[in-house]
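**Q** What follows is a predicted protein model with its sequence.
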Amino acid sequence: MIRSVLFLEPLEGDLNSIERFFLSEGVLEHASATSGFIAAELQLPEDPAAPAMVTALWSSHDAYRAWVSDPWRAASAERGRSIYRAVEQPGGGGSLYEVKITVSGPSRSQGYAPH
């Protein structure tokens with residue numbers, strides 16, 4: 001399982017403009033239609049000087065690359081350029097992390113699940 005992490009810096013300092021954009025565009029809903037998509041979140045920081053963060057879980061690198069290369073995503077990202085600056089990696093998209101250990105709550109006695 002792969003987690004993607006993408007930071008978004010609002011151009012006008014208005015973090016809520018990123019949320020409004022994601023809602024109006026249906027960004028995460030579109031991502032969810034990609035084969036291998038598991039879950040995604042847009043997260044706004046408590047510190048207004050910090051960037052917003054988009055995280056998603058994918059079944060594989062290939063699933064995430066399919067999303068990054070999706071023409072709809074490219075068009076939406078272009079529209080978003082008037083609202084935020086995405087801190088992307090070379091080749092596009094966010095940083096990728098391999099999920100190694102997960103814990104589910106609420107019971108701590110459930111332990112962890114190595115991947």
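**A** Thanks, I have the structure now. Numbers count the residues shown, from 1 in each chain.
**Q** Need the per-residue pLDDT for the spatially closest residue to Arg79 that is not a sequence neighbour.
**A** Nearest residue to Arg79, sequence neighbours excluded (CB to CB, 6 or more residues apart in numbering): Glu25, at 7.1 Å. For the C-beta atoms, the positions are set from N, CA and C on the backbone; glycine is no exception. Turning to Glu25, the model gives it a pLDDT of 97.
**Q** for the protein, which spans come out with low pLDDT?
**A** Applying pLDDT under 70 to the chain flags the ranges 107-115.
**Q** Next, the buried residues of the longest strand belonging to it.
**A** Criterion DSSP state E: the longest strand present in the chain is strand 2-10. Using 16 or more other CB atoms under 10 Å as the test for burial, strand 2-10 gives Ile2, Arg3, Ser4, Val5, Leu6, Phe7, Leu8, Pro10.
**Q** mind checking how far the first one is from Gly94?
**A** When CB to CB, to the nearest Å is the yardstick, Ile2 and Gly94 sit 11 Å from each other.
**Q** And for the fourth one?
**A** Computed with CB to CB, the distance linking Val5 and Gly94 is 5 Å.
**Q** For those two, list the residues in contact with both.
**A** Val54 (CB atoms under 8 Å, 6 or more residues apart in numbering).
**Q** which residues of the chain fall in helices?
**A** For the chain, the helices defined by DSSP state H occupy 15-25, 27-32, 61-68, 71-80.
**Q** Tabulate these (TSV), appending mean neighbour count and distance to Ile38.
**A** What follows is the helices of the chain, written out as TSV (neighbours: other CB atoms under 10 Å; distance: least, CB to CB, whole Å):
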stretch	mean neighbour count	distance to Ile38
helix 15-25	16	18
helix 27-32	16	9
helix 61-68	18	9
helix 71-80	14	17
